[in-house]
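> predicted structure and sequence below. I'll ask about it afterward.
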Amino acid sequence: MPILDQLAIALHTVTAILWVGGIFLVFRVLRPAALMLEPPLRLTLFKEVFSRFFPWVWLFIVVLVVTGYWDWSARFGGLEATPNYIQAMHLIGWLMIALFAWLYFVPFAQFKRYIEEKKFPEAAVIMNNKMRPIIAINLFLGVLEAVIGTTGLYWL
Ligand code: HEM
């Protein structure tokens, strides 16, 4: 296999690990641990964490899309005659990207504004009602993507 194709597969895998692993850490580990902090400090911590993690997620998205379509056309002959699991991978991938884009531009932008204005109860509502469900869905979809990507070839 050409070295560039191998590089695309490696980058796709590593980037998926970093995105989904990052969500897992924040959602299942940092969030419960941070409950020991008073709300203003806790919410400010999350603003700082997300402000650093989300630019990385944009980079992960670019790499996943470029390497995913690269691999698709190199090994599976392009969009025609493609196994169903690859179709599922890219549809779920775009759903994850759309959810992240909405999270970033709508509730997260509002959350940051409330923290800067020191409106902590309002920021907490945005975090619990708007941001948390999207993050939970993307964690589930990201794990599903990993299962599809690694086992799809053996389904039939
Ligand atoms: C959005 C467009 C995407 C496309 C076109 C795409 C395409 C592909 C292709 C062609 C494969 C190879 C399957 C095989 O070897 O049988 C693959 C594997 C994989 N994909 Fe994606 N993918 C996309 C998004 C994502 C996303 C968002 C994630 C997770 C966050 C992800 C995670 C994986 C994993 C873990 C594998 C298995 C390891 C590997 O081959 O890299 N993919 N993907």
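All right, it came through fine. Residues are numbered from 1 along each chain as shown.

> what are the buried residues along stretch 38-55?
Buried residues in stretch 38-55, counting neighbours by 16 or more other Cβ atoms under 10 Å, are found at 42-44, 46-47, 49-50, 53. Where C-beta positions appear, they are placed from N, C-alpha and C, glycine not excepted.

> now do stretch 144-156
Residues of stretch 144-156 classed as buried under the neighbour-count rule (16+ other Cβ under 10 Å) are 145, 148-149, 152.

> mind listing residues that contact it?
Defining contact as Cβ atoms under 8 Å, 6 or more residues apart in numbering, one finds that stretch 144-156 is touched by 12, 16, 20, 83, 85-86, 88-89, 92-93, 96.

> likewise for stretch 61-75?
Residues from elsewhere that reach stretch 61-75 (Cβ under 8 Å, 6+ apart): 2, 4-5, 8-9, 11-12, 15-16, 19, 78-79, 82, 86, 89-90, 93, 97, 100.

> for the residue positioned nearest the centre of the chain, which non-adjacent residue is closest in space?
The centroid of the chain falls nearest to residue 19 when counting by Cα atoms, centre = their mean (5.1 Å). Leaving aside its chain neighbours, residue 19 sits nearest to residue 60 (4.4 Å; criterion: Cβ to Cβ, 6 or more residues apart in numbering).

> now do the contacts for that neighbour.
Residue 60 makes contact with 15-16, 18-19 under the criterion Cβ under 8 Å, 6+ apart.

> could you point out the longest helix in the chain?
helix 39-76 (DSSP state H).

> my guess is residue 37 contacts residue 46, does it?
No: with contact defined as Cβ atoms under 8 Å, residue 37 does not count as touching residue 46 (9.9 Å).

> so which bits of stretch 68-76 are buried?
In terms of neighbour count (16+ other Cβ under 10 Å), stretch 68-76 has its buried residues at 68, 70-72, 74.

> output that stretch as CSV, nothing but the C-alphas.
The C-alpha coordinates for stretch 68-76 follow below in CSV (Å, rounded to 0.1, in the frame of the first residue of the first chain):
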residue,chain,number,x,y,z
GLY,A,68,-11.6,9.6,5.6
TYR,A,69,-12.4,10.5,2.0
TRP,A,70,-8.8,9.9,1.0
ASP,A,71,-9.0,6.3,2.4
TRP,A,72,-12.4,5.9,0.9
SER,A,73,-11.3,6.7,-2.6
ALA,A,74,-7.9,5.0,-2.3
ARG,A,75,-9.1,1.6,-1.0
PHE,A,76,-12.8,1.4,-1.7
